[in-house]
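Q: What follows is a predicted protein model with its sequence.
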Amino acid sequence: MSPASVTDWRPAPAPAVLLRHDRTRDTDLLLLPERVVVLQGRAGAVVALCDGARSVRDIVDELSERFPAAPVATDVPPFLERLRKEGWLR
């Protein structure tokens, strides 16, 4: 996928994938059929913005405002692409 098409992509959770917050462990989880993925750091905040309406560019812009010192523009697109390759985002 070209860099431009990555930033134009509008990620959304794949069918049967749910984002949940585990209050006991105070961490975000991706619930998949027969599997649970523990999200580290701010990954839950990134995935929460994947609603199919926002483009990757929109997600990066919003996270850059929330976390101005973080390397959002360089870290978020490859992270989302990895989730797509795993089949967790469409």
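A: Cool, got the structure. No experiment lies behind these values; they were computed from the predicted model shown.

Q: any idea where the strands of this protein begin and end?
A: 18-22, 27-32, 35-39 (DSSP state E).

Q: can you redo the ones you listed as a markdown table with distance to residue 51?
A: Where you see a C-beta, it was placed from the backbone N, CA and C, and this is true even at glycine. Formatted as a markdown table, the strands of the chain follow (distance: least, CB to CB, whole Å):
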| stretch | distance to residue 51 |
| --- | --- |
| strand 18-22 | 10 |
| strand 27-32 | 15 |
| strand 35-39 | 16 |
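
Q: just the ones you listed: most buried one?
A: Mean neighbours per residue, mean count of other CB atoms under 10 Å, is largest over the strands of the chain for strand 27-32, with a mean of 17.

Q: Which elements pack onto it?
A: strand 18-22, strand 35-39, helix 43-48 (3 or more CB pairs under 8 Å, 6 or more residues apart in numbering; DSSP states H and E).

Q: and the ones you listed as CSV, adding mean pLDDT and distance to residue 61?
A: Formatted as CSV, the helices and strands packed on strand 27-32 follow (pLDDT from 0 to 100; distance: least, CB to CB, whole Å):
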stretch, mean pLDDT, distance to residue 61
strand 18-22, 98, 20
strand 35-39, 97, 21
helix 43-48, 98, 13
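
Q: now those as TSV including distance to residue 10?
A: Output for the helices and strands packed on strand 27-32, formatted as TSV (distance: least, CB to CB, whole Å):
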stretch	distance to residue 10
strand 18-22	16
strand 35-39	20
helix 43-48	14
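
Q: How confident was the prediction at the residue of the chain positioned farthest from its centre?
A: Ranked by distance from the centre of the chain (CA atoms, centre = their mean), the top residue is residue 24, with 22.0 Å. On pLDDT, residue 24 comes in at 96.
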